[in-house]
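J.: Would you be able to build a 3D model of this:
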Amino acid sequence: MAAQNPPSRPLPGDRPAANRHSTRSVVMGRGGMIATSQPLASAAGLRVLQQGGSAVDAAVTAAAVLAVVEPSMNGIGGDLFALVYDGKQRTLRGLNGSGRSGRAATPAAFSARSLTRMPASGVYSVTVPGVVDGWATLLKTYGTFTLAQALAPAIDYARRGYAVSEIISGQWVASEQKLAADPAAAATFLPHGHAPLPGEVFANPNLATTLSAIASGGRDAFYKGPIAEAIAADMKRRDGLLDARDFAEHHSDWVEPISTAYRGYQVYELPPNTQGFVALEMLNILEGFDLKAFGHNSAEYLHALTEAKRIAFADRAAFLADPRLVPAPTLGTLISKEYAALRRKEINPARTAPFYPPADLPATRSNSKPSAEASLTGRDRGDTIYLTVADGAGNVVSLIQSLFSDFGAGIVAGETGVVLHNRGALFNLTPGHPDQIAPEKRPLHTLVPAFVMKDGTPWLSFGVMGGDHQAQGHVQVLVNLIDFGMNIQEAGEAARVNHGNNGLQVESAVPQTVRSALASRGHQVSESVGSFGGFQGILIDPRTGVLMGGSDPRKDGLAIGF
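T.: You can find the predicted model right below:
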């Protein structure tokens, strides 16, 4: 039999509409807009907006649905961060909803267990989950819905089931071995002994029961009641380092966003323990280059982008940690224009540098230096969700939540239906390292929502999930919009690159001539699939006020407005 050719498909240039540079059109709306990685979540959030709910109400509702229908990516056993713009007060605030290590998580506890490196999964990688308190805090501060109202669609999907989408099924299948290693995880997520295939219906009745208890009892039902006790008992059975008191003492924190100006736009990220400063540092370095003259995805541009990333990641490896336990007086320096100008001089336009040291600041002089430019050793492949919502009253939410790796730690706690995240894998066991494991400490976090203002007015709410790629993705999307004049859909859909421990990975649309030119500069270039995260965004037209949504075809997502 003759070999079957893959089905042909239209390319962006085949579109008969005005937008010939993306596979989807920009979504327009005036009353409200939501963009998420799953149509079920987008639809749930849209219903909230159409019923008169706020952007925060819709965001929490959609986030809860995603916690059910994208179980490999996120869940109530994970962490959350958000940026919230209050249209009435005209203020932007950040929420750090990440959890902490247990009181028993001392360096000695890991040494006693013969651990010389943080485990990538399993019980010792688990920290207190922050998602539920994050949802409750958002609703209490800015919402009009109760937690019970916001959780109702998610509870229904968990109880009655939902059709598993193609991309999620593929991620599920890839995690079968991990899930099979834990009896509770296998019983919950491998019905009939295997991952659900596309179009098969999956339900998680235990999770529905847990969510219903939270809807009835509020966030305390998760952190102080039977759910926390069940998770703590499961941790104890596994020789874990979390107990019920660790859950009871958890709380989210409102934080001041950090920002920099980029070509007349004010870009906002969250401060440590997130990697938000990395994106700002990269933008400051790149601002000194004429990227428009270089051309989109040219060798000149991608070389400058990659070198800026390497410099910023050297600083991330040296300085990023929980600022409560490791003060970061260096942050203002790292996101300053003066510092960027100094580091920019280190970039040779004709050749990649063999090594970039971190900034010579007190934290690196007094502590054990980590290896520069360190990435996350492949532990995070982008197992995260991002969503953004804007309502008709001018409120905007940029929200991200995650289990870190596929199905987190690979552990389901008893009969709760809750898979626990492995965010503690990003702690360090090196003595003196800023991110060294310690009791009640937040780990280095890759999660970063983003927000952009123009002339003091909201212009863009967006995110690019994907571990180490998140900061790199933020920069590429912003450069696409600001330097190369793309619309919101084109900017998120355009071919991206990702630099990591395996060199410079490029998508198939990056021309071979560009790859060769990068290789001649010393870059280790390879083509990769699935390493480039997933974008969602809402742009607010400063002239008309129209909401413009974009959603990445790399995911199953949907931007929709009215």
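
J.: helices and strands of this structure: which one has the lowest mean pLDDT?
T.: Every helix and strand in the chain was compared by mean pLDDT, DSSP states H and E; the lowest is helix 362-366, with a mean of 51.

J.: any idea how far residue 331 lies from residue 386?
T.: 24 Å (C-beta to C-beta, to the nearest Å). For the C-beta atoms, the positions are set from N, CA and C on the backbone; glycine is no exception.

J.: Which one's more surrounded, these two?
T.: Taking other C-beta atoms under 10 Å, residue 331 and residue 386 do not tie; residue 386 has more neighbours (36 against 19).

J.: from memory the more buried one sits against residue 446, does it?
T.: No - using C-beta atoms under 8 Å, residue 386 is not in contact with residue 446, being 11.8 Å away.

J.: what is the mean pLDDT for the lengthiest helix in the chain?
T.: Secondary structure of the chain per DSSP state H: the longest helix is helix 299-319. Mean per-residue pLDDT for helix 299-319: 97.

J.: neighbours of residue 114, just the number please.
T.: Here the number of neighbours of residue 114 (other C-beta under 10 Å) works out to 6.

J.: any idea of the pLDDT on it?
T.: pLDDT recorded at residue 114 is 96.

J.: same check, this time on the one 5 residues further on
T.: The pLDDT attached to residue 119 in the predicted structure is 96.

J.: ok, it touching residue 126?
T.: No - if you go by C-beta under 8 Å, residue 119 and residue 126 don't touch, sitting 9.8 Å apart.

J.: OK, contacts around residue 307?
T.: 346, 347, 352, 353, 356 (C-beta atoms under 8 Å, 6 or more residues apart in numbering).

J.: How much space separates the closest residue to residue 87 other than its chain neighbours from residue 86?
T.: Nearest residue to residue 87, sequence neighbours excluded (C-beta to C-beta, 6 or more residues apart in numbering): residue 394, at 2.5 Å. According to C-beta to C-beta, residue 394 and residue 86 sit 8 Å apart.

J.: just residue 292 next, same as before
T.: 34 Å.

J.: And residue 146, by the same measure?
T.: The spacing between residue 146 and residue 86, counted by C-beta to C-beta, is 20 Å.

J.: Tell me which of those two has more neighbours.
T.: Taking other C-beta under 10 Å, residue 146 and residue 86 do not tie; residue 86 has more neighbours (18 against 14).

J.: Just want the phi and psi numbers for the more buried one.
T.: Recorded main-chain torsions at residue 86 are phi -90, psi 110, according to degrees, to the nearest 10.

J.: List the residues that contact the residue nearest to it when sequence neighbours are not counted.
T.: Closest residue to residue 86 apart from its sequence neighbours, by C-beta to C-beta, 6+ apart: residue 395 at 6.3 Å. Residues near residue 395 by C-beta under 8 Å, 6+ apart: 54, 55, 56, 84, 85, 86, 87, 88, 142.

J.: what about residue 395, distance to residue 49?
T.: Distance from residue 395 to residue 49, counting by C-beta to C-beta: 10 Å.

J.: One more: residue 427?
T.: 39 Å.

J.: Straight-line length of stretch 160-180, end to end?
T.: End-to-end distance for stretch 160-180, by C-alpha to C-alpha, to the nearest Å: 24 Å.

J.: Helices along the stretch 451-562 of the chain, start to end?
T.: Ranges of helices in the stretch 451-562 of the chain, per DSSP state H, counting those that start in this stretch, are 469-482, 488-493, 512-520.

J.: Let me see the residues that make contact with the shortest one.
T.: This means helix 488-493. With C-beta under 8 Å, 6+ apart as the test, helix 488-493 has contacts from 12, 19, 21-26, 460, 462, 464, 477-478, 480-481, 535-539, 548-553.

J.: tell me the mean pLDDT over stretch 506-524?
T.: In this model, stretch 506-524 has a mean pLDDT of 98.

J.: Tell me how far it lies from the chain's centre.
T.: Relative to its chain's centre, stretch 506-524 lies at 27 Å (C-alpha atoms, centre = their mean, to the nearest Å).

J.: hmm, back to that, can you tell which of the helices of the stretch 451-562 of the chain is closest to residue 248?
T.: Minimum separation from residue 248 across those (C-beta to C-beta) falls at helix 469-482, 31.0 Å.

J.: What is that closest one packed up against?
T.: Helix 469-482 is packed against strand 265-269, helix 276-286, helix 299-319, strand 457-465, helix 488-493, strand 497-500, strand 534-540, with contacts defined by 3 or more C-beta pairs under 8 Å, 6 or more residues apart in numbering; DSSP states H and E.

J.: what about the fourth one, distance to the chain center?
T.: For strand 457-465, the gap between its own C-alpha mean and the chain's C-alpha mean amounts to 13 Å (C-alpha atoms, centre = their mean).

J.: what does the first one give?
T.: Between the centre of strand 265-269 and the centre of its host chain there is 17 Å, according to C-alpha atoms, centre = their mean.

J.: That one pairs with which strands, and in what direction?
T.: Note on strand 265-269: by DSSP bridges, its sheet partners are strand 258-262 (antiparallel), strand 450-454 (antiparallel).

J.: List the buried residues of the first one.
T.: Applying a neighbour-count criterion of 16 or more other C-beta atoms under 10 Å, the buried positions in strand 258-262 are 258, 259, 260, 262.

J.: Alright, that wraps it up for me.
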